[in-house]
Structure formats: structure tokens, C-alpha cells
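Undergrad: Model the following, please.
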Amino acid sequence: MTLVGLDDTDSRERGMCTTYVAARVADAIEAAGGSVERHLLIRLNPAIEFKTRGNAALCLDTDCDPARAFDLATAEVDRLAEVADPRTDPGVVVADTTLDAIPDAVVDFAGRALRERLSVEEAGGLLDRLGYRHDGGRGRIGALAALGARRAFDDWTHEHIAYRRLERCGTPRDIDAESVFAAAEAAYPDAWDTVDRVEGELVCVPAAPGPILYGIRGDDAETVREVADAIESEPVERTVTYLTNQGTDAHLRGGTIGAVQDGRAYRVDGVVDDGPETRLGGHVHLTIRDGAATLPCVAFEPTKRFRDRVRRLRAGDRVTVCGEVGGGTLKLEKFALRDPVTTERVVPRCPDCGRSMESAGRDQGYRCRDCDTTAPGRVERPLDRALDPGWYEVPPCARRHVAKPLVRGGFDAPTHPER
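TA: As a prediction, the model looks like this:
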């Protein structure tokens, strides 16, 4: 068996898509007499500055001769990659092995590629030591990682992608929104993040000028294909169902507030220190602490109604926060309210007239000027929190590809999924 890895063929401005290039490589392999057993779509570190929106790399599992597969893959990449964009730096890696027999060094590299910053030099050195065929530049990092991902990660989902004709790229996509909402409703929760019901958005339809018409994500291959079959749209050129690490939170690592680093994504525990504050642009900021260490967090405006949940947090709440760290700030993807503050200390009211008491002087408690009643200090008053303990997430319209929707389950507290 042969594994073909591909990465970094697309452009934010000019379009194309590495998944589409991989589909064309698969066609070329099959036209040459081979077969492709699996199409793997791997999401890598979402904090890498060179990425396009999803930072995807692809792996094809094929019976094609390695030398022939390498020639076919490099030819398709040369033909389709948007190398006119200086940020695009494609890579092709071909290995004469199977997904299960991939070396441990590649498995480790794949796991780190989702959680760290790796160099072209490290990738090239490992490729040369293993004797794998490779071509290109920075894209070899993702291409090599894609080969080891099947063993590196435990949780897998599916995405069924429909591609439009290339000559239509750059024009508005013609998709019947009503059919998408109906198909999404029928398949939920097995298919998720197809639409955002509150915002009225077709989440499955990209805005980029590339060849993807729509992509349906879910827990099993049959469900995502059924949703796609129910969508009415412009002509579809081709479709591929991918096995993927999307929707798994595989990018999150455990950590502590005092040890987080930029360019990585974390799940950390702490206590709300500075309560939420809405600043210019509608972004909501707060700070959490653990002992003497503090970590600024932010819910950006595009996370929409998620910010309302963040605004309901209070100083003293014990929380778990998840997200990418950049510039020393954690960009919130989801959080769990673990132990909420349920009371607040307030100035006492007079038991006779009901008015707020006034300070009687330094360390002398409070008194009512009219009734002459006294109280030794502030009193506890129950809080109406309007925020139950449990997990909260950004809405589908703001979700990272790799972030795990709460509806998938497996969380350690009650969940409050967004649809």
C-alpha cells in the first residue's frame, strides 16, 4: 500500500482547495489503474499564521505504486496549486507503507502538528531519514503529518464535500437555503454545524472563492451523504466523503494558566478574576487566575450570542476555558462554569423601614439614620445568575473546524449546545 500526503495548495484570495487537489489526485490514480481506499482530511494547528481558514492536510490511502503515485500527485499539484500567491507553498509526501504501519516518529509528528509549531527543516530531516519521496516546501509539514494522523488521534468524524465546476469558482453559489435547513433539521444531531438556526446562516457553504460548494459534517458517513443528497443546488462536479479529525477538540492540550504559550490551544482551569467587560468592537474581555498567575481571555464579536454567556460570568466563578492563545490572550471557543458564585455581599437594609443603611464609620458597621437600627457589616444576598453550571460554546457560524460541538457528547459536565 501507498500513502500520499498533500498540503498548502490553496490561497485566501485566489481560491483553490487542498481537498479538491486531493480529489483530483485520487481521480488520476484511479485513471492509472489504481484504487483509493480512504480519503483522510486532517485539520492541523489552527494558530499557524500561514494557514488558510481551516489548515487542512490530506492523505490518500491507495494501492498505487509509490513512484507512480508520486508522479501523479506532483503533476496535479503543479497544475492546480495557487502558487502565484506567495503564501502558498505546496508539499507532497509519498510513503510505501500502510496507515497502521506508519512509524511512531511520524505519529508523534502528526500529534505535534496539531498542537505546536513545526519547521520545514524538521519535516525534511524526518522525511530523508525515512526515505519517503517528497517535493515542495512548507506544505511538506502538513503532508507528512497527514500520513501519521490515523494513528495519532482516537476520535474521528466524517465530512461529505460537494465540489462545484471550476469555471463557476468566484461566482455566487446557487444553493436552495430552505432545502439545507430542512435536511439539517432531519439529520441533527448526527450531522452538525450544517446551519446556524439563530443567525440564519448556511454554515456548510463556504464564503471563499474555492471549488467547495458545501461540506456536511457528522458522526457517520451515511448520514452526511443523506444530508447532501437532500440539498438542491447548482450542478455538482464531484463529491468525496472524508474521514476526518474535525469536531474532536484534538487541538486542545491540558495546561495551567502560568505555563500557556502563544501559538497553541489549551484547556485550562481557573477562577474569574476581572469580570467580563465589553470593549470597542463588541469583544468581551475577562481575566482568569490560578494562584498568582492570570490569563486574559476574550470572546470576539463574531462569536455572536456566545458573548452573552461570557458576560454572565462573575468574579469568583470557577471555570474551565478552551481556546487558542495569541499575544498572551486566550481566544475563547468554549467554557465550562464549574462552581458559580451564588451570593454577593451587600449593604444591609433596615429591618424596620426597608431603606439601605449607611456606614456608621470606619469599622463601626452600618446604621439606619431614620430608625437608629444597626448592623455589624455587609450581608449575604442570593444571586439570580441566569447561567447554569456546565459547558457553553460558540455558535456554529463561529466554530473552528477542529472544535468539538457539545452535541457530540463526552463532556464532563452538563452541556448547553448551540444550533
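
Undergrad: From one end of stretch 241-252 to the other, what's the distance?
TA: Across its full length, stretch 241-252 reaches 25 Å end to end, with C-alpha to C-alpha, to the nearest Å as the criterion.

Undergrad: what's in contact with that stretch?
TA: Around stretch 241-252, the neighbours that count as contacts under C-beta atoms under 8 Å, 6 or more residues apart in numbering are 19, 38-43, 45-46, 114-115, 149, 153, 155-161, 192-193, 217, 221, 224-225, 265-267, 322, 324, 400-405, 408. Using the backbone N, CA and C atoms, a C-beta is placed for each residue, glycine as well.

Undergrad: quick one: low-confidence ranges for the chain?
TA: 12-15, 50-54 (pLDDT under 70).

Undergrad: and with 80 instead?
TA: Under the criterion pLDDT under 80, the flagged ranges of the chain are 10-16, 48-54, 83-86.

Undergrad: Strands along the stretch 1-150 of the chain, start to end?
TA: Under the criterion DSSP state E, counting those that start in this stretch, the stretch 1-150 of the chain carries strands at the ranges 2-7, 36-43, 56-62, 91-95, 133-136.

Undergrad: Those: which one's closest to residue 209?
TA: With C-beta to C-beta, the closest approach to residue 209 among those belongs to strand 56-62: 16.3 Å.

Undergrad: Next, the angle from the closest one to strand 91-95.
TA: With axes from the mean of the first three to the mean of the last three C-alpha atoms, to 10 degrees as the criterion, the two stretches strand 56-62 and strand 91-95 enclose an angle of 30 degrees.

Undergrad: helices or strands up against strand 56-62?
TA: Helices and strands touching strand 56-62, by 3 or more C-beta pairs under 8 Å, 6 or more residues apart in numbering; DSSP states H and E, are strand 2-7, helix 18-31, strand 36-43, helix 139-152.

Undergrad: To residue 81, which of those lies closest?
TA: Within the helices and strands packed on strand 56-62, the stretch nearest residue 81 is helix 18-31; the backing value is 6.8 Å (C-beta to C-beta).

Undergrad: what sits up against that closest one?
TA: By C-beta under 8 Å, 6+ apart, the surrounding residues in contact with helix 18-31 are 4, 6-10, 35-36, 39, 41, 56-58, 60, 62, 64, 69, 72-73, 75-77, 80-81, 161, 163, 210-212, 238, 240, 242.

Undergrad: ditto for stretch 322-331
TA: The set of residues that contact stretch 322-331 without belonging to it, under C-beta under 8 Å, 6+ apart, is 46-47, 249, 251-252, 260-268, 295-298, 300, 321, 332-335.

Undergrad: just to revisit the earlier point, could you identify the buried members of the contacts of helix 18-31?
TA: When those are checked for burial by 16 or more other C-beta atoms under 10 Å, the buried set is 4, 6-10, 36, 39, 41, 56-58, 60, 62, 64, 69, 72-73, 76-77, 80-81, 161, 163, 210-212, 240, 242.

Undergrad: ok, residue 298 to residue 325 distance?
TA: Using C-beta to C-beta, to the nearest Å, one gets 11 Å for the distance from residue 298 to residue 325.

Undergrad: Can you list the buried residues in stretch 27-46?
TA: Under the neighbour-count criterion of 16+ other C-beta under 10 Å, stretch 27-46 has 28, 29, 34, 36, 39, 40, 41, 42, 43, 44, 45, 46 buried.

Undergrad: can I assume the last one is in contact with residue 56?
TA: To tie it back to what came earlier, the one meant is residue 46. No. At 10.6 Å, residue 46 and residue 56 do not qualify as touching, with contact defined as C-beta atoms under 8 Å.

Undergrad: Run me through the strand neighbours of the strand ranked longest in the chain, direction for each.
TA: Secondary structure assigned by DSSP state E gives strand 264-278 as the longest strand of the chain. Strand partners for strand 264-278, identified by DSSP bridges, are recorded as strand 252-254 (parallel), strand 284-290 (antiparallel), strand 318-326 (antiparallel).

Undergrad: Can you list the strands that whichever helix or strand comes after the last one pairs with?
TA: Tracing the chain C-terminally past strand 318-326 and defining elements by DSSP states H and E, one meets strand 329-339 next. Using DSSP bridges, strand 329-339 pairs in its sheet with strand 293-299 (parallel), strand 318-326 (antiparallel), strand 390-393 (antiparallel).

Undergrad: which residues touch the helix or strand just after strand 329-339?
TA: Following the chain from strand 329-339 toward its C-terminal end, the next helix or strand by DSSP H and E is strand 343-346. For strand 343-346, the external contacting residues (C-beta under 8 Å, 6+ apart) are 378, 379, 380, 381, 382, 383.

Undergrad: can those go into JSON lines with extra columns for distance to residue 186 and neighbour count?
TA: As requested, these are exported to JSON lines (distance: C-beta to C-beta, whole Å; neighbours: other C-beta atoms under 10 Å):
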{"residue": "378", "distance to residue 186": "55", "neighbour count": "14"}
{"residue": "379", "distance to residue 186": "54", "neighbour count": "15"}
{"residue": "380", "distance to residue 186": "50", "neighbour count": "10"}
{"residue": "381", "distance to residue 186": "47", "neighbour count": "12"}
{"residue": "382", "distance to residue 186": "43", "neighbour count": "8"}
{"residue": "383", "distance to residue 186": "41", "neighbour count": "12"}
